[in-house]
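Asks: fold the following and give me the result.
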Amino acid sequence: MREYALYCVDCHEYTSLGAFVDKEGHFEGEYSLLHNRKANHDEVMCRFLIRHARHTLRMEESRTKPYSDILRTAGRFMEAQIDEMIERQIERSAESEHERTMERGLGQLQLNVLRGILLQEFESISRERGDNAAKAQFLLGKEEGMKRALGLLDDLLEKTNLLFR
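Replies: The predicted structure is shown next:
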């Protein structure tokens with residue numbers, strides 16, 4: 001896998017872009033030994049570009065001599081902050097996942113409340129008796145409609161329960 005480094009000739013500093021992820025359209029970013037993972041965002045690269053505006057920049061591909069020389073001799077941009085940035089990213093991801101879980105739970109609750117309301121309405125319609133054939137036919141249609149709605153809602157509840165396990 002090809003990785004890249006962005007090097008500032010003027011400051012003798014570099015940032016590792018990592019590999020380019022075609023599927024997601026971004027570079028993996030800096031690597032943290034502490035967290036044993038890539039940043040998977042471009043915050044360090046953006047800060048590097050801002051800091052080195054109007055400087056001579058070179059992008060070097062891994063497995064080349066210039067790439068190896070840069071890693072060996074140049075300073076790594078924001079080296080002390082990379083672990084902290086990745087830790088913040090991990091925390092943001094965990095918070096985001098927690099929020100998604102809460103929203104899913106709230107959605108499940110809303111669907112279950114709706115199911116309860118529909119069941120009460122269904123039972124109410126089932127207890128009603130028609131005085132004549134037309135009203136009995138009308139109530140039968142309402143009852144069948146409620147059965148269909150409950151069936152669709154039950155299918156939806158089953159699918160969402162399977163998805164979020």
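
Asks: pLDDT wise, what is T15 at?
Replies: We note a pLDDT of 97 for T15 in this prediction.

Asks: quick check, it in a strand?
Replies: Yes. The assignment for T15 is a strand, going by DSSP: H, G, I helix; E, B strand; the rest coil.

Asks: count of residues packed around it?
Replies: Neighbouring residues of T15 were enumerated by other CB atoms under 10 Å; the total is 28. To be clear about C-beta, it is placed using only N, CA and C from the backbone, and glycine gets the same treatment.

Asks: what do you get for M1?
Replies: By other CB under 10 Å, neighbour count at M1 equals 7.

Asks: the closest residue to it other than its chain neighbours: what's it in contact with?
Replies: Using CB to CB, 6 or more residues apart in numbering and skipping the chain neighbours, the partner closest in space to M1 is A19 (5.0 Å). With contact taken as CB atoms under 8 Å, 6 or more residues apart in numbering, A19 is in contact with M1, R2, E3, Y4, F27, E28.

Asks: how about the helices in this protein?
Replies: 43-51, 65-73, 82-127, 133-163 (DSSP state H).

Asks: of the contacts of A19, which belong to strands?
Replies: In strands, judged by DSSP state E, the following of the contacts of A19 are found: Y4, F27.

Asks: coming back round to it: for the helices of the chain, which has the smallest mean pLDDT value?
Replies: Of all these, the minimum mean pLDDT falls on helix 133-163 (a mean of 88).

Asks: which parts of that helix are buried?
Replies: L139, K142, M146, L150, L153 (16 or more other CB atoms under 10 Å).

Asks: got it, and stretch 105-114?
Replies: Within stretch 105-114, the residues scored as buried using 16+ other CB under 10 Å are L111.

Asks: and for the closest residue to S32 other than its chain neighbours, the neighbour number?
Replies: With CB to CB, 6+ apart as the criterion, S32 has its nearest non-adjacent residue at 4.3 Å, and that residue is I86. Neighbourhood size, I86 [other CB under 10 Å]: 24.

Asks: quick revisit: can I get the buried residues of helix 133-163 in JSON lines including distance to L33?
Replies: Listed next are the buried residues of helix 133-163 as JSON lines, based on distance: CB to CB, whole Å:
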{"residue": "L139", "distance to L33": "71"}
{"residue": "K142", "distance to L33": "66"}
{"residue": "M146", "distance to L33": "61"}
{"residue": "L150", "distance to L33": "55"}
{"residue": "L153", "distance to L33": "50"}
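
Asks: closest one of those residues to A53?
Replies: Set against A53, the nearest of those by CB to CB is L153 (56.8 Å).
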